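Participant: Okay, sequence plus prediction incoming.
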Amino acid sequence: MSQTIYNVLSREKETFKPISEDRVMMYVCGPTVYDNSHVGHAKTYVSFDVVVRWFRYCGYRVRYVQNITDVGHLLDDGEDRILKGARREKVEPMEIVERYMRSYFEDMDALGVTRPDISPRASAHVPEQIEMIQALLQEGHAYEVNGSVYFSVESFKDYGKLSGRHVEEMEAGRRVAVRDEKRHPMDFALWIKAPSNHVLQWPSPWGRGYPGWHIECSAMSNKYLGATFDIHGGGVDNIFPHNECEIAQSECANHTAFANYWMLSGTLLVDGVKMSKSLGNFVTIKDALKQYRSEALRLFILSGLYRSPADYSTAALDAATKGTERINTAARRVRAELKHAKADDAANSGRLVDLLDQYRMRFTSAMNDDFNAPLALSALFDLGKDLNTAIDEGSATRTVLEQADAIYRELGGDVLGVIQTEAKGNGAGSAEREASLIQMLIEMRLEARKARDYTRADAIRSRLAEIGILLEDGPKGTTYRIGN
RNA sequence: GGCGACGUGGCCAAGUGGUAAGGCAAGGGUCUGCAAAACCCUCAUGCGCGGGUUCAAUUCCCGCCGUCGCCUCCA
């Protein structure tokens, strides 16, 4: 079965053909680190995390590059975001960068997002950016004015091919005063002359200055992935001008195609409008994680297609929380049953093993179809229903349970990251010890119940509940789970 | 105004030219000292509105209405 990807370049689903057979070279636009990340970032990066995890599950070697923007990304008023952050917090610009880059990684780690293989920083690749700008100047795709360098959009006939815009049709500069220096209103900065008091500046052939925002992605993807690579990802909101500019710079400098497949994730809305730093309506990932566990956040994100918008609300997150509980309870039950599983016996076992294969195939074909995570999830939910029934009937043999456990670990855990694959503990040894202690208390409570000493039984239960361990009495005995 | 996307049950959300996945909520049941949880079952003749193509459309085409994103910084 082959992988399909909705390619924004063609606006169609295409069969994925990597440049090297078993290898995926992938770039995703990363954050500008001048403030805490919000749930909108989570949507984008969790989505691409699942793409990477899926490729790896399928046996591809993936090189995943995601930049860290720490210079050159300007605000409306022309001030660099990093400098604004530095002024706000009264620290060095690079302190802002370190602070929020660490914060970003903390958030991503908490969300279970696999770290990129390379997280190149713009400020650490100024020579590479200068080199690319020089190439563009030599080719006549760029021009210098007063120490700044601009890309000439008229020199690249394909400008607008990703976003479907045409230079002639755009009423550029209508709302923003165009810099007089530009030859064409749509031209964009490759290199910006720094005022003498500007804190971030580097020497260049055109005097002291700093790189424009777009050029870093072109220069760094070129360095780590090559002139042409497989997949370029990011949020749709950057399709114009950022992504369009990347294509223009790279294709003009390298004389070859840039990314073969463009995957853009849908915008996260809150109360129907975009969640963004500039609108101030954002929920930080740290705040969201105080309320919801990371599996719930991931499930919320993966409940819709990556390229569709999603609306953040407490109702949606509560529903996702319940959903993760349902799916994790089923997975936990399988693991618990496995401890005292029956040996295999012919017929039933075979039928159920076939059923499990079908679920794995359902999941696989969903993911192969442009990473349809919501459809893949539905397979896991249905699987849980069948397993519960099988366990109740006593037809779930060891082989069945082992394979079910493997599905949960590999597909729910490794690929989607919505199923906890191991007990959360403070350390390797302590988790096991904790489990034994809880088991001991459960047995003590059982003895109390047998003796009809319910006061004592309830006391054990409520004391455990106080420290977040919830006991649940079921037909087959008492189980527990760790609450939030 | 231009470009792009979308409108599916109470809410969220997949999907297909041949008759609607899944989650949440709701109702019923099982279990149970109590409680909580869990599990099972049920739940859209219908897919924004109006036309058209077709043996057949929610799915294709046209028009309309509405929502969102981008066009200026945002993942």
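Facilitator: Thanks, I have the structure now. Numbering: from 1, shown residues only, chains lettered A, B, ... in the order given.

Participant: remind me which residues of chain A are low pLDDT?
Facilitator: Along chain A, segments meeting pLDDT under 70 span A:1, A:72-78, A:169-180, A:345-348, A:422-432, A:483-484.

Participant: Could you give me the buried positions within the longest helix along it?
Facilitator: Using DSSP state H to define each element, chain A has its longest helix at helix A:314-338. Using 16 or more other C-beta atoms under 10 Å as the test for burial, helix A:314-338 gives A:317, A:320-321, A:323-324, A:327-328, A:330-335, A:337. All C-beta spots, glycine's among them, are computed from the backbone N, C-alpha and C.

Participant: after it, next one along is what?
Facilitator: helix A:346-368 (DSSP states H and E).

Participant: Helix A:346-368 and the very next helix or strand once past that next one, what's the angle between them?
Facilitator: The helix or strand immediately downstream of helix A:346-368 is helix A:373-393, counting by DSSP H and E. Per axes from the mean of the first three to the mean of the last three C-alpha atoms, to 10 degrees, the angle that helix A:373-393 makes with helix A:346-368 is 170 degrees.

Participant: now what about whichever helix or strand comes after helix A:373-393, what contacts it?
Facilitator: Once helix A:373-393 ends, the next helix or strand along the chain (criterion: DSSP H and E) is helix A:398-407. By C-beta atoms under 8 Å, 6 or more residues apart in numbering, the surrounding residues in contact with helix A:398-407 are A:331, A:334-335, A:337-338, A:341-344, A:349, A:352-353, A:356, A:359-360, A:363, A:380, A:383, A:387, A:390, A:396.

Participant: among those, which ones are buried?
Facilitator: A:331, A:334-335, A:337, A:341, A:349, A:352-353, A:356, A:359-360, A:363, A:380, A:383, A:387, A:390, A:396.

Participant: can you redo the buried residues of helix A:314-338 as JSON lines with distance to A:Pro120?
Facilitator: Putting the buried residues of helix A:314-338 into JSON lines (distance: C-beta to C-beta, whole Å) gives the following:
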{"residue": "A:Leu317", "distance to A:Pro120": "33"}
{"residue": "A:Ala320", "distance to A:Pro120": "33"}
{"residue": "A:Thr321", "distance to A:Pro120": "36"}
{"residue": "A:Gly323", "distance to A:Pro120": "36"}
{"residue": "A:Thr324", "distance to A:Pro120": "34"}
{"residue": "A:Ile327", "distance to A:Pro120": "36"}
{"residue": "A:Asn328", "distance to A:Pro120": "36"}
{"residue": "A:Ala330", "distance to A:Pro120": "41"}
{"residue": "A:Ala331", "distance to A:Pro120": "37"}
{"residue": "A:Arg332", "distance to A:Pro120": "40"}
{"residue": "A:Arg333", "distance to A:Pro120": "44"}
{"residue": "A:Val334", "distance to A:Pro120": "42"}
{"residue": "A:Arg335", "distance to A:Pro120": "40"}
{"residue": "A:Glu337", "distance to A:Pro120": "47"}
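
Participant: quick one: which of those is nearest RNA strand B?
Facilitator: Taking C-beta to the nearest atom of the strand as the measure, RNA strand B lies nearest A:Gly323 of those, at 3.0 Å.
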